[in-house]
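[1] sequence and predicted model, in that order:
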Amino acid sequence: MNNAALLSSGDYADAVATATRAAAAYYADGTTTLGDDEYDALVRAIAAYEQAHPEEVSEQSPTGKVAGGAAEGDVPHSVPMLSLDNVFSGEELADWAASLERRLGRAPAGWCVEPKLDGLAVAARYEAGALRQVLTRGNGLAGEDITHTAGDVLGLPAVLAEPVDVELRGEVLLTHAQFERANEIRTAHGAVPFANPRNGAAGTLRAKDRPYRIELTFFAYDAVGLGGADGADGAPTHSALLERLAALGANTAAATAAAPQRCESVAEVQRRVEEIAGMRAALPFGIDGVVVKADDAADRAQAGSGSRAPRWAVARKLAAEHKVTRLLAVEWAVGRTGVIAPRAVLEPVVIDGVTVSFATLHNPADIERRGLMLGDRVFVYRAGDVIPRVEAPLVEERTGAEQPIVFPAACPRCGEAIDTGEQRWRCSRGRNCQAVASIIYAAGRDQLDIEGLGSTRAVQLVEAGLVRDLADVFTLTREQLLSLERMGATSTDNLLAAIETARSRPLGRVLCALGVRGTGRSMSRRIAAHFGSMAAIRAADAEALAAVEGIGPEKARLVVSELAELSALLDRLADLGVGTQVTEPTAPAGPVTEAGEAGESAEAPAAGPLAGEAVVVTGSMTGPLAALSRNEMNELVERAGGKASSSVSKRTTLLVAGEKAGSKRTKAEELGIRILDPEQFAALLADHLPTAA
Ligand SMILES: NC(=O)c1ccc[n+]([C@@H]2O[C@H](COP(=O)([O-])OP(=O)(O)OC[C@H]3O[C@@H](n4cnc5c(N)ncnc54)[C@H](O)[C@@H]3O)[C@@H](O)[C@H]2O)c1
Ligand SMILES: [Zn+2]
């Protein structure tokens, strides 16, 4: 936030132009292109420049003006409607309180602490208790007449409980629920969705002749004529005034968890500020800060007001919860129960100190309701612990390069049809989806390689209730298989034999078959080689796992927690003799390993014709290697003591280049790396080739 000193005079002019443009859009219909944090930082930079160069202050500058000078009106206010000064930390708040105390020559008699509602200020004039006129804040001295919208504003009664002449002042906003509803209505009418609630409230209050109505909510926080603001004619304290307003029938924040509270000391004020800030995410409406006001009318009258803001109140701003970023992609994840949920991939953006790269989009209907496109600039919302969500696109910012979001036509996990009958899409296999997909994966060629257990068979087994997880595959009996449709004696025996073979697959393949996130084929092999047994892998903590080359601490933690989740399955697999093979670990002997040969064995796998080689395989294999998959090639490399990798780098020492080798070959040539064709490579490894499988 300390870009203040960095403005040059050219930057100053640009900053003023950007800020006034943003403020004009913000106060007109809410269609700003800046997040509030960015706007505030810009204005602070402008103010800092102006302080250093008072003779250069531009007339256009937003500083010192209500609404940054961007809003206007033609109906004069009875008493100016001012803005609020801001503080951004508890320390600044304490400084502000101290300066007010100095100005008064005594400590204020008490404080009122209330939520800073994130909407727009309005003045509502009542005559003999009947609502006559509603005005926007405008430039603070005059506002616009928006009486026509009053009927859509909850909490702003047409008639008060008493026939008083009063002007209520307060904030009009869209609650979170009203915002969702508003965008549903908007898109149903072919209108652009609101980017965020404040935006929607601004647009709605000033709109005329809409073919639909959008409900808003009013919260009163002041009044003229009953003894509020600068007037000392009536209520002795602000908190008493708020009670009176509620009694008249106006909605106030008193009914919410963040209710205004009188505090006797600055320490108490700070505590209440923290409390309200802490409940922010749980409130049903947005707040962008907490307002602290001197509570006694006498203190307020003595402190008075400047041209932009009163001196007896201040806003302790909270970090913005809305930020603008770009929607890069939409991913579709299938949950345990088969729910197919879209997730937004975002250009990373920091919201309230947390970097956000993903956000929920709830469901496909949600995407349609918001009218999102790939490449859109979007408002993202994050508060407290809630999962960040994409609120809406900034439609005015579109360049024409945005692409429609493609919805999956089939379950992204198992390929089955999708049940689109409800708002939340589901794989029509429901809970079985996960079982089917994980069995198909585990039986795949690069994992357990169980011939005869393809997708049709996996579906059949799961749907017949014979298999719920991988361990069940190893309990299948001949009778069970024969009971299935289209399953003859020969295929049954072949399948049972294939399952039997799979029981003794090498550890790396069994590990890979579990589908643990972060463990692809080569990583599984490396982990297996490092630890030597499933028991040792399961006993490893994140630190021990991170010792495996290429894992890193984050992935190590993920693998540990996923393995822990799988522990019931792993126990059963062990009982069934799957993955129980033990090899000498390459890891230095830990306390678990028995002492003895461990020291020597650490070097064992480095032997072989490829010892010390970093090998990349590319192009299609021919000759004796023709039948090997890429994974089998990599296994071969590692059996022969080398290290397999998928991309050519300076560390690569050998490239096996088959037909159509392409760019990896070019790169290896550039780097002067040794290149062998598949036949030469096969000759080198003659002793290690798989015996005809
Ligand atoms: N994103 C943008 O492009 C953009 C542009 C202009 C302004 N803004 C935002 O608006 C802010 C400035 O706007 P502002 O002048 O309306 O000031 P403000 O919103 O910071 O504070 C003053 C306003 O707070 C409101 N308020 C809410 N709860 C209140 C309560 N309990 N008691 C008293 N007042 C309460 C009132 O409407 C009052 O007018 C900036 O800090 C910025 O965050 C953003
Ligand atoms: Zn599915």
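    Thanks, I have the structure now. Numbers count the residues shown, from 1 in each chain. Ligands and ions are numbered 1, 2, ... in the order given.
[2] which SSE is the residue in the stretch 551-693 of the chain that ligand 2 sits nearest to in?
    Scanning the stretch 551-693 of the chain for the residue nearest ligand 2 gives Leu569, at 19.6 Å (criterion: Cβ to the ion). Bear in mind the C-beta positions are built from the backbone N, C-alpha and C, glycine included. Here Leu569, judged by DSSP states H and E, is contained in helix 567-575.
[3] neighbours of the residue of the stretch 551-693 of the chain closest to ligand 2, just the number please.
    Neighbour count for Leu569, taken as other Cβ atoms under 10 Å: 16.
[4] which residues sit in contact with it?
    With contact set as Cβ atoms under 8 Å, 6 or more residues apart in numbering, Leu569 has these partners: 469-471, 514.
[5] switch to 10 Å and redo it
    438, 469-472, 514, 563 (Cβ atoms under 10 Å, 6 or more residues apart in numbering).
[6] sheet-wise, list the partners of the helix or strand containing Val113 with their directions.
    Element membership for Val113, per DSSP H and E: strand 111-117. Applying DSSP bridges to the sheet, strand 111-117 is found paired with strand 261-263 (antiparallel), strand 287-294 (antiparallel).
[7] returning to what we had before: and the helix holding Leu569, how far from the chain's centre?
    In terms of Cα atoms, centre = their mean, to the nearest Å, the centre of helix 567-575 is found 35 Å from the chain centre.
[8] what about it, average pLDDT?
    Here helix 567-575 scores 93 as its mean pLDDT.
[9] what's the next secondary structure element after the lowest-mean-pLDDT helix or strand in the chain?
    The helix or strand of the chain with the lowest confidence, counting by mean pLDDT, DSSP states H and E, is helix 598-601 at a mean of 32. Note on helix 598-601: by DSSP H and E, the next helix or strand toward the C-terminus is strand 614-618.
[10] for that next one, which positions count as buried?
    614-618 (16 or more other Cβ atoms under 10 Å).
[11] which bits of the protein sit near ligand 2?
    Neighbours of ligand 2 within the chain, by Cβ under 5 Å from the ion: 411, 413-414, 416, 427, 429, 433.
[12] follow-up on the earlier one: among the strands paired with strand 111-117, which is the most enclosed?
    strand 287-294 (a mean of 24; mean count of other Cβ atoms under 10 Å).
[13] could you find the closest non-adjacent residue to Ala177?
    Pro284 (6.6 Å; Cβ to Cβ, 6 or more residues apart in numbering).
[14] element containing the one you found?
    Assigned by DSSP H and E, Pro284 falls outside every helix and strand.
[15] that one touches Phe219, doesn't it?
    No - with contact defined as Cβ atoms under 10 Å, Pro284 does not count as touching Phe219 (11.8 Å).
[16] please name every helix or strand in contact with the helix ranked longest in the chain.
    As assigned by DSSP state H, the longest helix anywhere in the chain is helix 9-28. For helix 9-28, the elements it packs on are helix 36-52, helix 197-206, judged by 3 or more Cβ pairs under 10 Å, 6 or more residues apart in numbering; DSSP states H and E.
[17] okay, now the domains of this protein?
    The chain is divided into the following domains under automatic domain parsing: 4-69, 75-317, 321-430, 432-503, 507-602, 607-688.
[18] lowest-confidence stretch among these?
    Taking the mean pLDDT of the domains of the chain, domain 507-602 comes last: a mean of 82.
[19] from the chain's centroid, how far away is it?
    For domain 507-602, the separation from the chain centroid amounts to 32 Å (computed by Cα atoms, centre = their mean).
[20] before we move on, what about stretch 141-157?
    Worked out by Cα atoms, centre = their mean, stretch 141-157 lies 35 Å from the chain centre.
[21] just the contacts of Leu569: which are in helices?
    When DSSP H is applied, these are split such that 438, 470-472, 563 fall in helices.
[22] residues of the stretch 51-200 of the chain that sit close to ligand 1?
    Applying Cβ under 6 Å from any ligand atom, we find that the stretch 51-200 of the chain lies next to ligand 1 at 67-68, 83-84, 86, 114, 116-117, 121, 137, 171.
[23] please, a PyMOL command that selects the buried ones among those?
    The following PyMOL line selects those of these that are buried, judged by 16+ other Cβ under 10 Å:
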select buried, resi 67+68+83+84+86+114+116+117+121+137+171
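[24] which residues in the stretch 301-450 of the chain form helices?
    Along the stretch 301-450 of the chain, the stretches classed as helices by DSSP state H, counting those that start in this stretch are 364-370, 432-443.
[25] report the angle between the last one and helix 567-575.
    The reference is to helix 432-443. On the basis of axes from the mean of the first three to the mean of the last three Cα atoms, to 10 degrees, helix 432-443 is oriented at 40 degrees to helix 567-575.
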